[in-house]
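>>> build me a model from this:
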Amino acid sequence: MSRIVIVSLKPSRRLVLLTATLAVSLAVVAQQSSSSSSSSASDTPTISNTQTQNTQQNGANPALRPRAAQIEEGGAAVTLETSEPLFDVGAALNACGYDADLDKSAPVRAEVRADLNAALAASETARASRDALCAYIASHHLNDAGLNVGQYVSLALYLSPPPSLTPNLDETELPPQATQVVNVLPFLRTFAAEVNLHYIWLHHHPEYEALQARVHDAMVQAILSTNIYLHQPVSSYDGRRFLVLLEPMLSPSLTNARVYGTDYIIVMSPSNAAGVPVPIGEIRHIYLHYVIEPMVYSRGTAMERIQPMLRGVQDAPLEFFYKSDVVALMTECLIKAVEAHMYVIDSPAPEKPKSKERVDADRYAALKALYDSENSLARLKLVDTDEAQGWVLTGYFYQTLTLMEHNGDGLRDEIAPMIYGMDVDRERRHAEEVVFVKTVPADPLRPNTAPRKIEGMDLAELDLMKGKSDEASDIAEKTLADPKGDHARAQYILARIDLMSGDPEKAMEGFQQTLTLSKDPRTMAWSHIYLGRLYDSMNPPDRDHALAEYKLAEAVRDSQPDTKKAAEAGLAKPFALPLRAKHPAPDDDKDFDPTGKAEKDSYQPPAPK
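Below is the predicted model of the structure:
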């Protein structure tokens, strides 16, 4: 496990406590909250069964619970890390055709894929191990992309470092998602050894550390501002952890968050965007779960009286989980309210003047008042949006948090009055009056992915399959004209269109051009296969060049069986164009009667009524 360097960037110091940084900045807040933190025995975390796995069966002692991504005791409670087992799993998925949001990923993802392709092209045993691994992954494919990747992420969180890659607990204690794919491990170990995946990890580890450094400051600021707002004291590792794992080999648009026992884990994939490459708002959201859930669930005796609130959200576009668990609903609403209070508009805040002139002070006061007013309006609008999505208690908690701000107390002191002082009937009537929207954004703790929109070169492929070669050609030409377009795939499609149009010489030139542009194994393999077939179809055939192309296709092929089958068929015997069945031309004049007698005789008038 690799952790971000917080203070020193020396290679010999890979672990510096994030908590220490926070604790120094929050010394005053911690002193203000010391009395509440020392007397909060009732706040012992009792996480909901619907959000966690393997908690009750191991008792209340965190040390006895299954732990994901082990770290040493006495370390940081909040960490930003990378994980080699997670990298191995991500690399395996990519080798088996996982291309989701490849064009939006950090550049290191394409570099790792290129290294994997080179290792596979150099070794037949590596390709065989890849094929076995991919066959297993294909047989355990789930239609929902989020759940499909999520099952492997869940497993990776419990794996020991390579080369063993074994679960660090009994198989019966693994999360349900992970148990579905645990038998992938023998295939993964063999694949990792054959392609020397550990070396690839070490080679690209500096790039991983650079991504961590880009996330670090923004994450620290988000955690700091949240703790300051909530008057939340920060302590060292006490059995509970908030862990952010970066893994660029996965889709940057999919966030995997987990609550396992007392571990709150969020797996994120950096994008190729400038600035902070991950959505810090999602990190803050899961961190708020980490901070607030123990406070809410420790007040379990108050939840029965709040149960009627569920009747007010039955028509809301929420998951059944929130419509059936009032504690989960209330917790999410409280988190939404905190996020609304901390929301800041994009416009920069006015800068306080350095001069002491009255006119400058008055001007600053006016600008500051306008800025604060715009923030207040934006926050209220956000509360309305949240309630329209089904989070009907957001407004109530927003108001009570406003009182907390005025009183100067922290959430730990105010959480009990918020819950026990709620007028449930009033809030239920309010919920029944809310006009709900149709859809809500995905919850990182329960990821689901919308159907992928087919566009760009994927749309061109679909048009070509449907025989719409003109439409496919237009898309490919536009892609070639775009400096940032996928020129390799565009050239590959145009070469196939030339082949279908009966221009083998132009097609051969197009496939050769594709090979100079592409690094994708499937595109390269099929370009070699098409070239081999073109050499076989020459008059006279050029079998030597054809064999060379089929062998290259066999070496660079992807994990799909059709590629291997086509390359092996070309090596076994020369490609021959399919023969069309010969049918005699129809004789339209065969039964023609110039007199029209037969037609007259065949006419039967309708019977009289």
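>>> how many other residues sit next to residue 118?
14 (other C-beta atoms under 10 Å). All C-beta spots, glycine's among them, are computed from the backbone N, C-alpha and C.
>>> any idea how far it lies from residue 524?
Distance, residue 118 to residue 524, using C-beta to C-beta, to the nearest Å: 12 Å.
>>> also residue 127?
Separation of residue 127 from residue 524 (C-beta to C-beta) stands at 14 Å.
>>> tell me which residues of the helix or strand where residue 289 lies come out buried.
According to DSSP states H and E, residue 289 maps onto helix 280-297. Residues of helix 280-297 classed as buried: 283-297 (neighbour count, 16 or more other C-beta atoms under 10 Å).
>>> what helices or strands is that helix leaning on?
Packing partners of helix 280-297 (3 or more C-beta pairs under 8 Å, 6 or more residues apart in numbering; DSSP states H and E): helix 197-230, strand 241-246, strand 256-260, strand 263-268, helix 326-342, helix 411-420.
>>> can you tell which of the ones you listed is closest to residue 392?
helix 326-342 (7.0 Å; C-beta to C-beta).
>>> now do that closest one and helix 197-230, the angle between them.
Here the directions of helix 326-342 and helix 197-230 differ by 80 degrees (axes from the mean of the first three to the mean of the last three C-alpha atoms, to 10 degrees).
>>> for the record, mean pLDDT for helix 326-342?
Helix 326-342 carries an average pLDDT of 95.
>>> angle of it against helix 411-420?
On the basis of the same axes, to 10 degrees, helix 326-342 is oriented at 130 degrees to helix 411-420.
>>> now the element after helix 326-342, going C-ward?
helix 358-388.
>>> which elements pack onto that following helix?
helix 326-342, helix 394-407.
>>> quick one: closest of the ones you listed to residue 505.
helix 326-342 (61.9 Å).
>>> can you give me phi and psi for residue 105?
phi -80, psi 160 (degrees, to the nearest 10).
>>> ok, it - contacts?
248, 251-252, 269-272 (C-beta atoms under 8 Å, 6 or more residues apart in numbering).
>>> same check on residue 154?
Going by C-beta under 8 Å, 6+ apart, residue 154 touches 174-175, 177-178, 258.
>>> run through who's touching stretch 489-502.
Contacts for stretch 489-502 (C-beta under 8 Å, 6+ apart): 457, 460-461, 464, 469, 472-473, 475-477, 479-480, 504, 506-507, 509-511, 513-514, 517-518, 520, 523, 526-527, 530, 534.
>>> so where do the strands sit in the stretch 451-600 of the chain?
Here the stretch 451-600 of the chain has no strands by DSSP state E, counting those that start in this stretch.
>>> what's the neighbour count on residue 406?
Residue 406: 8 neighbours (other C-beta under 10 Å).
>>> okay, and the helix or strand of this structure with the least pLDDT?
Across the helices and strands of the chain, mean pLDDT, DSSP states H and E gives its lowest value to helix 27-38, namely a mean of 37.
>>> of the contacts of stretch 489-502, select the buried ones using a PyMOL command.
A single PyMOL command is used to select the members of these judged buried by 16+ other C-beta under 10 Å:
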select buried, resi 457+460+461+464+469+472+473+475+476+479+507+510+511+513+514+517+518+520+523+526+527+530+534
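>>> middle-most residue in the protein, spatially?
residue 254 (1.6 Å; C-alpha atoms, centre = their mean).
>>> element containing it, please.
Judged by DSSP H and E, residue 254 forms part of no helix or strand.
>>> for residue 537, see how far away it is.
In this structure, residue 254 and residue 537 are 44 Å apart, going by C-beta to C-beta.
>>> with residue 311 instead?
72 Å.
>>> more neighbours: which of those two?
residue 537 (15 against 12).
>>> ok, back up a step: please name whichever of the helices and strands packed on helix 280-297 is nearest to residue 141.
strand 256-260 (17.2 Å).
>>> by contact count, what packs against the closest one?
Packed against strand 256-260 by the contact rule (3+ C-beta pairs under 8 Å, 6+ apart) you find helix 145-156, strand 263-268, helix 280-297.
>>> report the contact partners of residue 181.
Contacts of residue 181 (C-beta under 8 Å, 6+ apart): 140, 151-152, 155.
>>> between those residues, which is nearest residue 89?
Within those, proximity to residue 89 (C-beta to C-beta) peaks at residue 152, which comes in at 5.0 Å.
>>> residues in contact with the residue nearest to the closest one when sequence neighbours are not counted?
Spatial nearest neighbour of residue 152, excluding adjacent residues (C-beta to C-beta, 6 or more residues apart in numbering): residue 89 at 5.0 Å. Taking C-beta under 8 Å, 6+ apart as the criterion, residue 89 is in contact with 152-153, 155-156, 159, 188.
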